[in-house]
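**Student:** no FASTA, just this:
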């Protein structure tokens, strides 16, 4: 579930769920262990000669670490990912506008069954489509039988759906049912061509979200790009394992102070790795991370709202006797 | 309230409301206090040996501060925030186009009550929706009774609204009333299908702004990203607490000049922290900061304009006797 | 007036109007004066001891200047401003498409008065709205009487307009007149619903430009951001006043060559300040700078074109006897 | 075929297809060979004097390599390419919405032949158009006869198509057939003007994708830009051939440690060259690289879906007897 | 003409037309000449004392060159230019969609003259409008008589056009003729309001491209920005004239190797100047550079296609006897 936060900035720092602390903890511990193994090796196993030689390596790695333009790579990469992440969120379909249009064009008690069916099919459509892109929705509806169990699908619809043989996908079938139901109203003369156009526009825009989610799921950021960034980041800290060691030979210890904790490297891990994790979390926004979109919640909300708009609110209208002017 | 400024550039620098001076003052004072505590410690409590050792720490922190790519992090982060901030502003709904269309399709004295009611409901819609995203609007209308008191809502509407049971939100109900009222005009034959389409398009675009504001309110910039930037910025100045101390041991004082005020660090705080504050202010544009959007003002403006368009201006038309050609 | 340029690149460098030379001249002269005052102070008033001490300051300022990430700040800031500037330009409303549609839906001699009136009102609308955002247009029409004098407004319209009491603005009244005039044609049966829709779409898109200009005028780039950039830039050159002084003590003069003109700093002022000026000019594109949009010219152009489309060109059609095939 | 990946991040690193390892392998091997040739030359052929002189060259190249702002060039360039690549993907036309509209406006068994023909022509259109931009599609349909063989085209259509003399291209002919078929339905009175508009809108948006792909194919990133980036990248590693050699003269070997493997340069090749390869792969997304869009697969999918929508699903509608409320 | 390239990457490097080699050649030669004049001066005219002093200048210029953030300036500037360049390309109007709509709404042999005339006027429109923005199109049609000669315009149209007095431009007149011709069909009852709307939408979108091109031609990137970038780039290489000279005094020649060819500077010119040239070429995309859009070719293509769509293809329809299913 995406994490909302409205608190003060300082208290934001202390959050755990979806926080930087949680994101980098594992990597940080791993780094410390490796770092102190190297340090112990240097301290206990090397003689003065060896320490001097090791100091050469440290200096060499210090220079080497500067060759890696981490902030650029991460800056450009995370920009790209954040843009995609937000676009993906905007591909989440909401049935509100479709259902308002349905209530506008198919009013009255005589159309309530049609409205309710369209409302239910809109949820069925979401359940089918989102199972294809979100792990959590798939867990909720592992098979189409679970949709029947949740009363999103009738037995007849189940049979129709399962009997359709479509090797290239059939997630759009409920949309077609909605279209065919609207078409039937046109044939019956309940709506005219203009209203059919108005209705279909909303159905189409409801459909587009699902189609785009499949596209985002299919076409990822090119693998090479992801690898480039990961190699640069982890490689950087790998080099730091040596390059940020204290220099323990005689000469260096006289010249420089010797600090046995890699404080700046810890710091760098916090924001470089944190930055990378931003990218990794957002790259797959429908997974099970703390910051992922909660499609199951959206589905429940949509089912409730669509039903309400199809029934209770469809024709609700206060009397407009004497107009009132706001103060 | 957002702050407009048209003055000369130089006088802009001296502004207080919404200014950089106000933004960084508190942090700057805190920094000075900590800085001089460290300085006093160095000056009074350390002997020459200790000062030399401390100089080692200073030099070490000087290097450490360079590891932090602050300008990149802030540059990419603030770009993202500014883009979102402007998009959010563009989600503020204005009823002008909807009301012009209402006056176009429902002209004459016979429709004035309908027009006035739609105008009032448009304000009611804004009051309900903006209470959900803006602290200031919520303070103005803490409960729906306050809307009744402001004559935005009749008692009958209040009852209808309060009796609707909607665990997943019901902020869109006034929009549905408007739609249902338009639908009634269609049924009565006052408008045809094409005009209904024209009206509903405007109602929809009025609605979309509210829906998007809820979305922006719900899906924030991922927490990790915000934390990364804050840690980098504050961490940088924390390192500067030591790294920008004057070196007080004998050798250094001979080699370098000793300056007891961190002038460049002050400078850096001004623009690095200032830049960060830009981000923090704009991240939540409907709060109570100096630079936040003033939705209450917009609501008053909209109420007045919508009413005027529904009544006085709805059919105002100068005579077009003899055409006049502009000189 | 925006400055067009088609010349060769080299001759572009020698332009004065809207050029970098004009933009930075004042600041550059100010810098030179201050620089040589400091230099004179160093040269004449300091003894060798003082010069050595001053050299310490110079070196310290040299380092300090590097702490300022000017190119980043300016790069991100100017990108943002240039984007807004271009968006604002695209908000300038042109009546062409509205008038073509008017001539398409209201053809013939019988509708010429209607067409001419809409043409005139479109210019009146621009005059009223642009007076609110552009200093130059306000100077041209300081009061509504000046619009009457320019024959943009009749006396009757003037009365109607002035008698409308609208504390929250009434710039959109001419648009409402156009809408009401179109509505009248619908009532008379000259146009049908579809044509009314076609006409109103064009009227709306004509209106949108004005509304957006008001928005851009109201919601500026946050003050803090502007201040951050200005402080960084001017602060940088302030530090350079000392940091780029020649070192005049004995030791330094032996080691380094002594150059008494800050040639590289001049160079840096040219492009850093020039870059900042790009931002400052474009931030307020309807002012009186060389590079500002010339709305008065656009208004004249629009008045002429709208009139021409309403009269002479409204029904112009060559005979289409024998079709001709282009060679 | 674009490469989807859902695995854990760590295992992503070990992938071969479409991976960084595959991308840079050839260049890396070439670099090693050249590097060790230079090293051997230095080691075996140079005397101490020569080695000292060569060390001068190494240091000079070390400095020279810093003059190349590789991360910037690559950052801006790859951003641009990735944006274009994604836009190009979004230009891939899907017939779904067109076919749904066809089934909505031309329902029933009486129109099944029309629907099926439109479905087939939509695939024919894709086959013709994509042959013009994708090497793989061209290999599948080297001539129009192959389309006849795949039953995308009848003999009559083949003759009509081949007999059209169009020096400036005729890829859009199947679209025209679809339009003309729709026009015929209008003439027959099967659809009205509004439905014709609805249908043509979908046909147009289907067509637009093909047109845009031709545009992207025609107007490439300017050659100079591509060359600038390639020269900078390969030039950088060319300089590294010398600049990253171990210094083998007496003095240097005492001062520094001597490492005979260019470990950091290997590292830099991984991400700099990897980054460049991202750009080169995505620049031509319809080629035969691992990461390229698989238009042939899309064509098969589209053919199957369009046919299914034209026949089986065109009027499928479950009974809507008793409405069911989702649990 | 824009340069397409599909070859292998390595062979791309060897291209001449539109290549980096062509772009920087002149400047590079100029640089070499100046460089060797300075070198000759240093070598022959300076004594040891003078050489030492000159070495001071070289070192001073080496530092000075680092003050110029060329990669940033160029990165941001070229990004902006490339974006505008692509937008401008997308403003090129193609008559395809307009002509398809014309054939859809005005079918049959009875309308062929109307269709052909609209096709010709669409080319006439392009010829007139593009003459205003493209040097090459202006050379092809220096006067309106040349359009008559190319059979784009009849004598009657020529008279009508030339007799229209329009100080503020009249490039849109052929569009108005098209609109008026469509309007006539409406009056005759050949099309209804909905079809008129469909036709006018396409005419408008055809028109919009021309209008936007005029806008891009009128409002250029602000002059200051262009100058800032040019000064920074050329200034950088001017400083390099001295800063990259070999140091010829005794001491330096012992310490460093002396190389008499500015190899890295050559390299930098290749990509810095190349990058700048990308910007300069794309800034004016309708000129006569190798990489410029070839509007004359587009005009020929459009004339041919529009004619073909108006005549031969307007009603072409294969028989749809027995539906065929693609294999």
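**Tutor:** Cool, the structure landed. None of the values given here were measured: they were computed from a predicted structure.
**Student:** surely residue A:69 touches residue D:71?
**Tutor:** Yes. Residue A:69 lies in contact with residue D:71 (Cβ atoms under 8 Å); the separation is 3.6 Å. C-betas here are computed from N, CA, C, even on glycine.
**Student:** higher neighbour count, those two?
**Tutor:** Higher neighbour count among residue A:69 and residue D:71: residue A:69, with 23 against 20, using other Cβ atoms under 10 Å in any protein chain shown.
**Student:** and the more buried one, how far is that from chain D?
**Tutor:** Separation of residue A:69 from chain D (Cβ to the nearest Cβ, to the nearest Å) stands at 4 Å.
**Student:** helix or strand right after the host helix or strand of residue A:266?
**Tutor:** Here residue A:266 sits within helix A:263-268, counting by DSSP states H and E. Counting by DSSP H and E, the next helix or strand C-terminal to helix A:263-268 is helix A:274-283.
**Student:** close to chain D, is that next one?
**Tutor:** Yes. Using Cβ under 8 Å from any Cβ of the partner chain, helix A:274-283 reaches chain D at residue A:280.
**Student:** show me what the next helix or strand after that helix is packed against.
**Tutor:** Using DSSP H and E, the helix or strand that follows helix A:274-283 in sequence is helix A:295-310. With contacts taken as 3 or more Cβ pairs under 8 Å, 6 or more residues apart in numbering or on different chains; DSSP states H and E, helix A:295-310 sits against helix A:96-105, helix A:112-131, helix A:135-140.
**Student:** could you count how many residues lie near the residue nearest to residue A:304 when sequence neighbours are not counted?
**Tutor:** Spatial nearest neighbour of residue A:304, excluding adjacent residues (Cβ to Cβ, 6 or more residues apart in numbering or on different chains): residue B:168 at 4.8 Å. Residue B:168 is flanked by 13 other residues according to other Cβ under 10 Å.
**Student:** so where's the longest helix in chain A?
**Tutor:** The longest helix of chain A (DSSP state H) is helix A:193-218.
**Student:** do me a favour and average the pLDDT over that one.
**Tutor:** Averaged across helix A:193-218, the pLDDT comes to 95.
**Student:** where does the stretch 201-327 of chain A get nearest to chain C, residue-wise?
**Tutor:** residue A:326 (13.1 Å; Cβ to the nearest Cβ).
**Student:** can you give me every residue that contacts residue A:22?
**Tutor:** Contacts for residue A:22 (Cβ atoms under 8 Å, 6 or more residues apart in numbering or on different chains) come out as A:16, A:290.
**Student:** close to chain C, is the longest helix of chain A?
**Tutor:** No. Interface with chain C: helix A:193-218 contributes nothing (Cβ under 8 Å from any Cβ), its closest point being 9.2 Å away.
**Student:** wondering if that helix reaches chain E at all.
**Tutor:** No. Judged by Cβ under 8 Å from any Cβ, helix A:193-218 and chain E are separated, with a smallest distance of 9.2 Å.
**Student:** by how many degrees do that helix and helix D:193-218 diverge?
**Tutor:** Relative orientation of helix A:193-218 versus helix D:193-218 (axes from the mean of the first three to the mean of the last three Cα atoms, to 10 degrees): 30 degrees.
**Student:** and helix A:193-218 with helix A:295-310, angle?
**Tutor:** 170 degrees.
**Student:** name the next helix or strand downstream of helix A:193-218, please.
**Tutor:** As assigned by DSSP H and E, the chain's next helix or strand after helix A:193-218 is helix A:223-243.
**Student:** now the helix or strand following that next one: average pLDDT?
**Tutor:** Counting by DSSP H and E, the next helix or strand C-terminal to helix A:223-243 is helix A:250-255. Averaged over helix A:250-255, pLDDT sits at 83.
**Student:** how about the residue of the stretch 101-250 of chain A found nearest chain C: what's its closest non-neighbour residue?
**Tutor:** Nearest residue of the stretch 101-250 of chain A to chain C: residue A:194, at 9.2 Å (Cβ to the nearest Cβ). In this structure, residue A:194 finds its nearest non-sequential neighbour in residue B:193, 3.8 Å apart by Cβ to Cβ, 6+ apart.
**Student:** so the residue nearest to residue A:304, which state does it fall into?
**Tutor:** coil (DSSP: H, G, I helix; E, B strand; the rest coil).
**Student:** what residues does chain A put near chain E?
**Tutor:** Counting by Cβ under 8 Å from any Cβ, no residue of chain A is near chain E.
**Student:** so where is chain A shaky, pLDDT-wise?
**Tutor:** A:1-11 (pLDDT under 70).
**Student:** quick one: list the elements packing against the helix holding residue A:266.
**Tutor:** helix A:20-40, helix A:223-243, helix B:48-66, helix B:223-243.
**Student:** count of neighbours near the nearest residue to residue A:34 once chain neighbours are set aside?
**Tutor:** Of all residues not flanking residue A:34 in the chain, residue A:241 sits nearest, at 5.6 Å (Cβ to Cβ, 6+ apart). Residues lying near residue A:241 (other Cβ under 10 Å) number 17.
**Student:** try residue A:79
**Tutor:** Residues lying near residue A:79 (other Cβ under 10 Å) number 17.
**Student:** what's the closest non-adjacent residue to it?
**Tutor:** Take residue A:79 and drop its neighbours on the chain: the residue closest to it by Cβ to Cβ, 6+ apart is residue B:76, 5.9 Å away.
**Student:** same check, this time on residue A:138
**Tutor:** Once flanking residues are discounted, residue A:138 sits nearest to residue A:131: 4.7 Å by Cβ to Cβ, 6+ apart.
**Student:** next: residue A:302.
**Tutor:** Nearest residue to residue A:302, sequence neighbours excluded (Cβ to Cβ, 6+ apart): residue A:95, at 5.3 Å.
**Student:** quickly find the element holding the residue in the stretch 1-150 of chain A that chain B sits nearest to.
**Tutor:** Residue nearest to chain B within the stretch 1-150 of chain A: residue A:71 (3.6 Å; Cβ to the nearest Cβ). Per DSSP H and E: residue A:71 is located in helix A:70-90.
**Student:** show me what counts as buried in that helix.
**Tutor:** The neighbour-count check on helix A:70-90 (16 or more other Cβ atoms under 10 Å in any protein chain shown) flags A:70-82, A:84-86, A:88-89 as buried.
**Student:** ditto for stretch A:286-299
**Tutor:** Neighbour-count burial for stretch A:286-299, counted by 16+ other Cβ under 10 Å, picks out A:286, A:289, A:290, A:291, A:292, A:293, A:295, A:296, A:298, A:299.
**Student:** ok, of these, which one's closest to chain B?
**Tutor:** Out of the buried residues of stretch A:286-299, the member with the shortest distance to chain B (by Cβ to the nearest Cβ) is residue A:291, at 5.0 Å.
**Student:** pull the contacting residues for residue A:248.
**Tutor:** With contact set as Cβ under 8 Å, 6+ apart, residue A:248 has these partners: A:42, A:43, A:46, A:51, A:54, A:55, A:258.
**Student:** any idea how many residues pack against the closest residue to the fourth one other than its chain neighbours?
**Tutor:** To tie it back to what came earlier, the one meant is residue A:51. Closest residue in space to residue A:51, ignoring its immediate chain neighbours: residue A:249 at 4.0 Å, by Cβ to Cβ, 6+ apart. By the measure other Cβ under 10 Å, the count of residues near residue A:249 is 19.
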